[in-house]
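**Student:** Just need the structure, nothing else, for what follows:
(chains A and B)
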Amino acid sequence: MAPLAPRSGDAVFASVERVNAELFTLTYGAIVRQLLTDLEEVDEVNKQLDQMGYNIGIRLIDEFLAKSNVSRCVDFKETAEVIAKVGLKMFLGVTASVSNWDADGLSCSLILEDNPLVDFVELPDACQGLYYCNVLAGVIRGALEMVSMKTEVNWVRDMLRGDDAYEIRIKLLKQVPEEYPYKDDE
Amino acid sequence: MIGVGKTKQYSNVLEKPLSRGRQEVSLSAFAFLFSELVQYNQTHVDNIGELERRLEDAGYSVGARVLELLCHRERGNRRETRLLGILSFVHSTVWKVLFGKVADSLEKGTEHEDEYMISEKELLVNRFISTPKDMGAFNCGAFVAGIVRGVLENAGFPAVVTAHFVPMEGLQRPRTTILIKFAEEVLRREARLG
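**Tutor:** Okay, here's the model as predicted:
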């Protein structure tokens, strides 16, 4: 069978089953609230959200690759574009733009204008250190790790903290070559 | 006053216009998030009852907010004061907005006056969940039961809401029933209103 052509983010999003974004937003809010009650420390909550995102990311990448038919990305620039245009659209229904590439092309920013995770949200003064959408950073990190890229993902700008957009900085640390799971002599 | 002291670019969240509620995310995004919620709670509890309670609490906060949002957006800020009114609000409006369809059925309990049941062949939250045998009758629909309890309690109809699996002939997977047991005062008030 001839390889299927890669589909655009909109086409994939139109073909997957969708739910109301508000259910998603409110459920995420309930999760953050539960974490804040249990852990109390804002840093611990940030770490836990990142860990949850990581767990989601390592499974999400399978679905992404299966449904979107993207071919292997030639370089990290293409990877970032694919995440912003296809990946985010397919799952969250929003696209991001990629910018602020550094000199060696290993670090870039994803800028999100619209973020379904944060509808109706306002951070109280007691939680000013909280990265509310940290789960997204974890998802990206987990997904990329499963395709052999070790990355560091951080939040640069956060609208809940007063900035004008959501900016995630992705830095490629290294490409881990795929290990063949079986030993040759077995 | 809310908003004072924050940087100028941040507009007060209360000033932002309310969206029309048409935005969508993929089902798998929600399923992944819900699975993380369940997994996180599993590590923090000792028994199933505790796990159900935590899921219900999470759902309760969703329900409270959904009531506010939908009353404002769909009902023009009119409150439901009658029992059947609030039940049909939950069964139709809430279900339609959250899960994309009205609930399969709404029944009155035959054994007790204060029991009502909303049934669904397959709850959206349970679609990608399989319960291991050693967890017995645990139902992640406890989250949805929490949503219903949140809506009812904040609308002034305190109730105990639970989710149960009901095996049905001819169906491979059991149906889920959300059992609503209203508090005494609700029935008394309803009787008074005639």
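**Student:** How many residues are close by residue 91?
**Tutor:** Just so you know, I chose chain A. A:Phe91 has 27 neighbours, counted by other C-beta atoms under 10 Å in any protein chain shown. Glycine gets a C-beta too; all of them are placed from N, C-alpha and C.
**Student:** right idea, wrong chain: chain B
**Tutor:** 21.
**Student:** Quick check: it touching B:Ala103?
**Tutor:** Yes - B:His91 is within contact range of B:Ala103, at 4.8 Å (criterion: C-beta atoms under 8 Å).
**Student:** Mutual contacts of those two, please.
**Tutor:** Listed as contacting both B:His91 and B:Ala103 by C-beta atoms under 8 Å, 6 or more residues apart in numbering or on different chains are B:Ile118.
**Student:** Quick check: which ranges of chain B have low pLDDT?
**Tutor:** Filtered on pLDDT under 70, chain B yields the residue ranges B:1-12.
**Student:** and the gap between the most centrally placed residue in it and chain A?
**Tutor:** The centroid of chain B falls nearest to B:Ile147 when counting by C-alpha atoms, centre = their mean (2.2 Å). The gap separating B:Ile147 from chain A is 9 Å, by C-beta to the nearest C-beta, to the nearest Å.
**Student:** Over to B:Leu187?
**Tutor:** For B:Leu187 relative to chain A (C-beta to the nearest C-beta), the value is 30 Å.
**Student:** That residue looks like it's in a helix, true?
**Tutor:** Yes - per DSSP: H, G, I helix; E, B strand; the rest coil, B:Leu187 lies within a helix segment.
**Student:** gap between it and A:Ser71?
**Tutor:** 63 Å (C-beta to C-beta, to the nearest Å).
**Student:** do B:Ser119 as well
**Tutor:** 46 Å.
**Student:** Check B:Gly146 too.
**Tutor:** 44 Å.
**Student:** need the helices for chain B, in chain order.
**Tutor:** Along chain B, counting by DSSP state H, helices occupy B:27-42, B:48-73, B:83-88, B:95-99, B:142-154, B:184-193.
**Student:** Who are the packing partners of the shortest one?
**Tutor:** In other words, helix B:95-99. In terms of contacts (3 or more C-beta pairs under 8 Å, 6 or more residues apart in numbering or on different chains; DSSP states H and E), helix B:95-99 is packed against strand A:18-20, helix A:21-39, helix B:48-73.
**Student:** Quick one: closest of the helices of chain B to A:Val135.
**Tutor:** helix B:27-42 (7.8 Å; C-beta to C-beta).
**Student:** Report whether the closest one contacts chain A.
**Tutor:** Yes - Helix B:27-42 reaches chain A (C-beta under 8 Å from any C-beta of the partner chain) through B:27-30, B:32-37, B:39-41.
**Student:** Out of the helices of chain B, which one sits most buried?
**Tutor:** Among the helices of chain B, helix B:142-154 has the highest mean neighbour count (mean count of other C-beta atoms under 10 Å in any protein chain shown), at a mean of 26.
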